[in-house]
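only the shape, not the letters, is given here:
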């Protein structure tokens, strides 16, 4: 066990965990931020996507010991009131079915739009290919990202 | 207005208590939960009610007119949590913006069929949900009439307000809810004419949408309780193996580990439910500890000795047995019309024969199996994702020697179901672990546990044979099916009833690999085989594939063969005609190759046309046109979402997915080896059209999945000339690269 100081959604947290503990489980078990989901544990499904200094990473494969000063943002911290253009577009297009993968999808899409504010259809599809939606909401995810990109202009 | 007796489910409409816990605190987004289809519009925020009045088991009304409607059935992503309360709200006649939805716990006294399966929630719930709203409205009216001393027949309602035209009086439901609570439940009740529906048939957003997109706790895995520990299981690594011994002491010293022991969920004498019988791993090791990661590490470190239980089986052996069945007459003849053997023997007829194959499939819900349990000497408190809570309660009662009254089961939103959570062995496992560990626990399956402890879609094989006479009429049809634990053939479905000489036979392959219901059981395979085959037969007959099918339906309408045909040929033909028109079937754009498919299952009818284009010499699904007849559509916005999801799910599994076994050991253990459809592989566009016929609603969770694989395969055949007989199609490198 070791003590780590983390910045999550703009707040400081101190946790005492094994150094190899993935950030996913620190968030879920220690900080009680459960919006970030466990899907596969091997970085294949994207359900656990969070931002590390603004870039999408798979938190199931990122040990707490590697985070250091980098700032973590989770779905709970993407916007203060749940009104990020992607969150609003997700609601407007009624994207979710079961909803389990959607936090990871939104976090990945947010990073995608930061790096490419005006993505083509192919850019969106390729950029989202690491995030599995078992319910098959891909066409709505595509439409929601386009709507958000237009709004963020 | 239709009058309907309320005797059915009457106990659900009786009051339970006068006041239900006034002033309790609800979550942050409760008032915005049911806002209109425009999420940007500010919701009208009303003050929280000081008191709630129970009108019946389905609803309570706050003193300010806010209504809480219970959604009785489990939510697995099929969106019944929005649709079922919409039906209650319609007949109650309240504004949807004033409705708060709550998930009901398991309550066998007040609700019936609290189950998510077979696309039946809306179909079975329809009458009861309407009556719940209508009887409550009537009781509010009776109470208002009594207070105003006017005949109840002079009162009208609109959006939660009661009006008396003669006196100009009006009052909100909240003002009279307390008095309505004491009213007698009417013996007979009038229901709205569907043309007067204001909520049913309109687009309404998912009531949990805001919570989903902001990452609020909703799912079983999100449960955190005081003193709760994490539990995991270690199950046999191969089908046919069983637990011999394990070295628990070696991992007990690992950080955070508090307990290691074995459990048996099916000891002698325990009464097994339908939902328990497919589970072949009753004995396993349980590890309990403080945090998920610590238990995961201990699980990897645990040394276990496994022994043989029954003969292990490999996919190759399984496939060989199914292949052998295809050339053998089956003992089980499911249906026979006319004399098919004689027609096939006639040299005047042209014979078409094809065989179709599909592998085992895992459900792979994105949220792996899990459950919370807190079992003490006199009660068991359970919470989590389960499609069959009533079975789970019975299993636990028998296993723990408790009365059902001692057991509480709450249902979380589920991160997918697809049939996997019909089999609640993980609920009984959680209960046993909590009892033995003497602690509240959350049982968590890893992805590997989830995929290798499956209740899989069976592996299937089917051979079709058709005879065309000199005029290219379909004069005989033979289907011989085989599958793990049962044949995929539905003997009385189309084209039975449309062919004079018909034979359906079933072979069963017994196996120690556990199988069960997987989204649209049996249909998920047989629809593809049947609709691919009919496409080839139509081509052999030199006919357009839609016209060929329509001619068969004409025959089934005018002169049906046999009496047991379990489809309505007019509705079946109806969706084909609708998709033909909407897709502009006869005039595809340049470079677009098309395939069609239609299927009836789970009481709903679906027809699809797929547009394939060639990109870099490979076929790509560009667009899907879909026509659906499910009767009245409750919520078109989410109904379309279900259709789209079923289509993408169906394409994905037919194209890419499969489970295989080597001496009982699953070859696929996680998403690096088990391929699911991804974003770039989904069709760019899906267009859904509903038949508007006012018929009582039927389900949508499954029906769009079965036909789509055939529509894709038929479109690929028109693009490339290659027919696809074996799933996953991607294994056919020549076609798909």
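Structure received. Please read all numbers here as calculations on a predicted model, not as lab measurements. Numbering: from 1, shown residues only, chains lettered A, B, ... in the order given.

use CA for all of it now, contacts and neighbours both
Noted.

surely residue B:541 is in contact with residue B:473?
Yes: the pair residue B:541 / residue B:473 is scored as a contact, 7.4 Å apart, by Cα atoms under 8 Å.

mind giving me the domain ranges of chain B?
B:2-209, B:220-310+B:369-444, B:329-360+B:456-736 (automatic domain parsing).

and these: which comes nearest chain A?
Chain A lies closest to domain B:2-209 among these, at 3.5 Å (Cα to the nearest Cα).

residues from the stretch 301-450 of chain B in reach of chain A?
Proximity of the stretch 301-450 of chain B to chain A (Cα under 8 Å from any Cα of the partner chain) is limited to residues B:364-368, B:413-416, B:446-448.

just the buried residues of those.
Neighbour counting by 16 or more other Cα atoms under 10 Å in any protein chain shown classes B:364-368, B:413-416, B:446-447 among those as buried.

closest to residue B:136 out of those?
Checking those against residue B:136 by Cα to Cα gives residue B:413 as the nearest, at 27.1 Å.

next, the closest one: phi, psi?
The phi and psi values for residue B:413, taken as degrees, to the nearest 10, are phi -60, psi 140.

specify the beta-bridge partners of it.
Beta-bridge pairing for residue B:413 (DSSP bridges): residue B:219.

so how far is residue B:103 from it?
The gap separating residue B:413 from residue B:103 is 8 Å, by Cα to Cα, to the nearest Å.

what do the two both touch?
residue B:74 (Cα atoms under 8 Å, 6 or more residues apart in numbering or on different chains).

can you get me the start-to-end distance on stretch B:484-494?
23 Å.

before we move on, what about stretch B:232-239?
For stretch B:232-239, the first-to-last residue distance is 19 Å (Cα to Cα).

quick one: the helix or strand encompassing residue B:129 to chain centroid distance?
Counting by DSSP states H and E, the element that carries residue B:129 is helix B:121-148. Remark: helix B:121-148 is offset 28 Å from the chain centroid, using Cα atoms, centre = their mean, to the nearest Å.

tell me which residues in that helix are buried?
Going by neighbour count (16+ other Cα under 10 Å), the buried part of helix B:121-148 is B:121-123, B:125-145.

and the helix or strand containing residue B:611, which strands flank it?
Element membership for residue B:611, per DSSP H and E: strand B:604-615. Sheet pairing for strand B:604-615, assigned by DSSP bridges, gives strand B:593-601 (antiparallel), strand B:618-629 (antiparallel).

before we move on, back to that, max pairwise distance over the residues of the stretch 301-450 of chain B next to chain A: which two?
B:413 and B:448 (22.2 Å).

if we can go back for a sec, out of the domains of chain B, which is closest to residue A:44?
domain B:329-360+B:456-736 (6.0 Å).

show me what the mean pLDDT comes to for the closest one.
Domain B:329-360+B:456-736 shows a mean pLDDT of 96.

now do the strands in chain A.
Taking DSSP state E, the strands of chain A run over residues A:2-8, A:11-17, A:49-52, A:55-58, A:71-73.

ok, now the stretch 351-500 of chain B?
Counting by DSSP state E, counting those that start in this stretch, the stretch 351-500 of chain B has strands at residues B:370-375, B:380-384, B:407-411, B:441-444, B:460-468, B:474-484.

what's the angle from the third one to strand B:380-384?
If I follow you right, that is strand B:407-411. Interaxial angle, strand B:407-411 versus strand B:380-384 (axes from the mean of the first three to the mean of the last three Cα atoms, to 10 degrees): 10 degrees.

how about the helices in the stretch 51-200 of chain B?
B:80-92, B:121-148, B:173-180 (DSSP state H, counting those that start in this stretch).

what is the burial count for the nearest residue to residue B:255 once chain neighbours are set aside?
Spatial nearest neighbour of residue B:255, excluding adjacent residues (Cα to Cα, 6 or more residues apart in numbering or on different chains): residue B:294 at 6.6 Å. Neighbour count for residue B:294, taken as other Cα atoms under 10 Å in any protein chain shown: 20.

can you tell me the element residue B:294 falls in?
Assigned by DSSP H and E, residue B:294 falls in helix B:292-301.

and residue B:259, by the same measure?
Using DSSP H and E, residue B:259 falls within strand B:257-264.

do any residues in that strand lie close to chain A?
No: judged by Cα under 8 Å from any Cα, strand B:257-264 stays clear of chain A, getting no closer than 13.2 Å.

what is the distance between that strand and the centre of its chain?
34 Å.

output the contacting helices and strands for the following helix or strand past that strand.
Next helix or strand after strand B:257-264 toward the C-terminus (DSSP H and E): strand B:283-289. With contacts taken as 3 or more Cα pairs under 8 Å, 6 or more residues apart in numbering or on different chains; DSSP states H and E, strand B:283-289 sits against strand B:229-234, strand B:241-246, strand B:257-264, helix B:292-301.

at 6 Å what do you get?
Packed against strand B:283-289 by the contact rule (3 or more Cα pairs under 6 Å, 6 or more residues apart in numbering or on different chains; DSSP states H and E) you find strand B:229-234, strand B:257-264.

just those: most buried one?
Each of those was scored by mean neighbour count; the highest is strand B:229-234, a mean of 26, by mean count of other Cα atoms under 10 Å in any protein chain shown.

okay, angle between that one and strand B:257-264 too, please.
50 degrees.

quick check: closest non-adjacent residue to whichever residue of the stretch 451-600 of chain B sits closest to chain A.
With Cα to the nearest Cα, the shortest gap between the stretch 451-600 of chain B and chain A falls at residue B:451, namely 10.3 Å. Using Cα to Cα, 6+ apart and skipping the chain neighbours, the partner closest in space to residue B:451 is residue B:669 (5.7 Å).

tell me the mean pLDDT over the helix holding residue B:294?
Averaging pLDDT along helix B:292-301 gives 98.

how far off strand B:283-289 does it point, in degrees?
Using the same axes, to 10 degrees: helix B:292-301 against strand B:283-289 is 140 degrees.
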